[in-house]
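Trainee: task: produce atomic coordinates for the following.
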Amino acid sequence: MGRLSAMRMLVFGGTMFVSKAVAAEAVRRGHDVVCAARGTSGDVPDGATLVRIDRDTPDTLAALAALAGERFDEVVDTSIMSYTWVVDALAALATTAAHWTFVSTIGVYADHSKPGQSPGYPVCEPRAIHATLADRDNDPGLYNAVKVASENAVRDAVDNRAFIVRPGLISGPGDRSDRFGYWPARFSRGGRVVVPDVEQKIQYIDVRDLASWLVDAVEQRIIGTFDAVGPRWELRDCLRAVADAVGEATEFVPLTAEQLAEAGVEPWMGPRTLPLWLPPEYAGMAAHDPAPAREAGLRTRPLDDAVTGALTHERALGLDRPRKAGLTPAEEAEVLACAENP
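Mentor: Next up is the predicted model:
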């Protein structure tokens, strides 16, 4: 199907990371973009219009209904944790929007140890509740369960107009998770680098590629459910390629999972961790089948370009800032000392 002419798009958010990248890409292509957000997390892209809406307030539905007076060809909803936000938006806008995009998560699957999964595999039990990121801290499975419930609500309301994407690890400009970005930032310092010596796949998708595909889907009226994931890498090969792209002299110090555990290093996220390393029960989460999304038009940039974008963003944030994931220089020195003197 060919691209449609300029459209009127409503993007929930538009001030941070994925939603902002989508809004910026849509504006770049000449679409009329309205961003519905509180406007407290940042600015919308130049050329987009901000409509201030707080989806937590009791009159959210009325505020959304006011927007529905102007028909939107497309709605892009990146609601993080609230099923209520999703159903309120659908109630207000679903009858007028010609196409509906919902950004879910790769985490919805029931079994994260199994590699090669794709939409159609079992998902976790839904929880149709309003929740926040703070709630996730007390109930780690809540995020995925709310996303499943939200996906179901979207399909029930606009199944023949719905494009549901389940991104895995998202990298690039705007990422503040420190998962992918930790590594180019660390390699930029050079020297001896602690890396996980494990057999594991890893996948990432640059936010700019994700945004481009979402706008393609708007223009081409792509529907269905897809895992928004890039190619599968061996973790060792990916880290070496990231280091080569950064270009500083580094020496890898590979440590096994057992050695890292003895040194008090954990996988994935949080203090004193090594990002991209996953415990075995979650290893399948970074090894999904990329073919369906690729066949639906997802294109991913070369790793060198993704690393450049991530490192530029890391430098803008400050390479020495406190991080949500990774090892501080002092922690890494301690781990190296432990490895050398077991």
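Trainee: domain-wise, how is the protein divided?
Mentor: Domain assignment of the chain by automatic domain parsing yields the ranges 8-167, 182-202+233-287+301-340.
Trainee: can you redo the ones you listed as CSV with mean pLDDT, mean neighbour count and distance to residue 214?
Mentor: From N, CA and C alone the C-beta is placed, and that goes for glycine too. Compiled in CSV, those are given as follows (pLDDT from 0 to 100; neighbours: other CB atoms under 10 Å; distance: least, CB to CB, whole Å):
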stretch, mean pLDDT, mean neighbour count, distance to residue 214
domain 8-167, 91, 19, 5
domain 182-202+233-287+301-340, 96, 18, 15
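Trainee: of the ones you listed, which is nearest residue 223?
Mentor: domain 8-167 (5.5 Å; CB to CB).
Trainee: would you list the domains of the chain in a markdown table and tack on distance to residue 176?
Mentor: Putting the domains of the chain into a markdown table (distance: least, CB to CB, whole Å) gives the following:
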| stretch | distance to residue 176 |
| --- | --- |
| domain 8-167 | 8 |
| domain 182-202+233-287+301-340 | 7 |
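Trainee: residue 219: which of the ones you listed is closest?
Mentor: Nearest of the domains of the chain to residue 219, taken as CB to CB: domain 8-167 at 7.6 Å.
Trainee: what's the end-to-end length of that closest one?
Mentor: 25 Å (CA to CA, to the nearest Å).
Trainee: what's the closest non-adjacent residue to the residue positioned nearest the centre of the chain?
Mentor: The centroid of the chain falls nearest to residue 170 when counting by CA atoms, centre = their mean (3.8 Å). Leaving aside its chain neighbours, residue 170 sits nearest to residue 207 (5.3 Å; criterion: CB to CB, 6 or more residues apart in numbering).
Trainee: show me what contacts that neighbour?
Mentor: 17, 18, 21, 170, 171, 172, 173, 174, 175 (CB atoms under 8 Å, 6 or more residues apart in numbering).
Trainee: so residue 32 sits against residue 5, correct?
Mentor: No. Look at residue 32 against residue 5 with CB atoms under 8 Å: they stay out of range, at 11.0 Å.
Trainee: before we move on, back to that, next, format the contacts of residue 207 as CSV and append secondary structure and distance to residue 57.
Mentor: What follows is these, written out as CSV (DSSP: H, G, I helix; E, B strand; the rest coil; distance: CB to CB, whole Å):
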residue, secondary structure, distance to residue 57
17, helix, 23
18, helix, 23
21, helix, 26
170, strand, 28
171, strand, 33
172, coil, 32
173, coil, 30
174, coil, 26
175, coil, 29
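Trainee: just give me how far the lengthiest helix in the chain sits from the chain centre.
Mentor: With secondary structure taken from DSSP state H, the chain has its longest helix at helix 142-158. On the basis of CA atoms, centre = their mean, to the nearest Å, helix 142-158 sits 17 Å off its chain's mean C-alpha point.
Trainee: contacts for the very next helix or strand once past it next, please.
Mentor: Using DSSP states H and E, the next helix or strand after helix 142-158 towards the C-terminus is strand 162-167. For strand 162-167, contacts defined as CB under 8 Å, 6+ apart pick out 18, 99-106, 108, 119, 151, 154-155, 205, 210, 213-214, 217-218, 222-229.
Trainee: narrow those residues to those in strands?
Mentor: Per DSSP state E, strands hold the following members of the contacts of strand 162-167: 99, 100, 101, 102, 103, 205, 224, 225, 226, 227, 228.
Trainee: could you export those residues as JSON lines, including distance to residue 182?
Mentor: Converted to JSON lines, these look like this (distance: CB to CB, whole Å):
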{"residue": "99", "distance to residue 182": "36"}
{"residue": "100", "distance to residue 182": "34"}
{"residue": "101", "distance to residue 182": "29"}
{"residue": "102", "distance to residue 182": "29"}
{"residue": "103", "distance to residue 182": "23"}
{"residue": "205", "distance to residue 182": "17"}
{"residue": "224", "distance to residue 182": "33"}
{"residue": "225", "distance to residue 182": "30"}
{"residue": "226", "distance to residue 182": "27"}
{"residue": "227", "distance to residue 182": "23"}
{"residue": "228", "distance to residue 182": "21"}
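Trainee: which of those residues lies closest to residue 321?
Mentor: Using CB to CB, the ones in strands among the contacts of strand 162-167 come closest to residue 321 at residue 205, 24.0 Å.
Trainee: where does residue 332 sit, in terms of helix or strand?
Mentor: helix 329-340.
Trainee: chain center to that helix, what's the gap?
Mentor: The answer for helix 329-340 is 31 Å, by CA atoms, centre = their mean.
Trainee: list the helices and strands that helix packs on?
Mentor: If you count contacts as 3 or more CB pairs under 8 Å, 6 or more residues apart in numbering; DSSP states H and E, helix 329-340 packs onto strand 191-196, strand 250-255, helix 257-262.
Trainee: what about 10 Å?
Mentor: strand 191-196, strand 250-255, helix 257-262, strand 273-274 (3 or more CB pairs under 10 Å, 6 or more residues apart in numbering; DSSP states H and E).
Trainee: now residue 10, what's its secondary structure?
Mentor: Secondary structure state of residue 10, per DSSP: H, G, I helix; E, B strand; the rest coil, is strand.
Trainee: one step back: and the longest helix of the chain, what does it pack onto?
Mentor: strand 74-77, helix 83-93, strand 99-103, helix 133-138, strand 162-167, strand 224-228.
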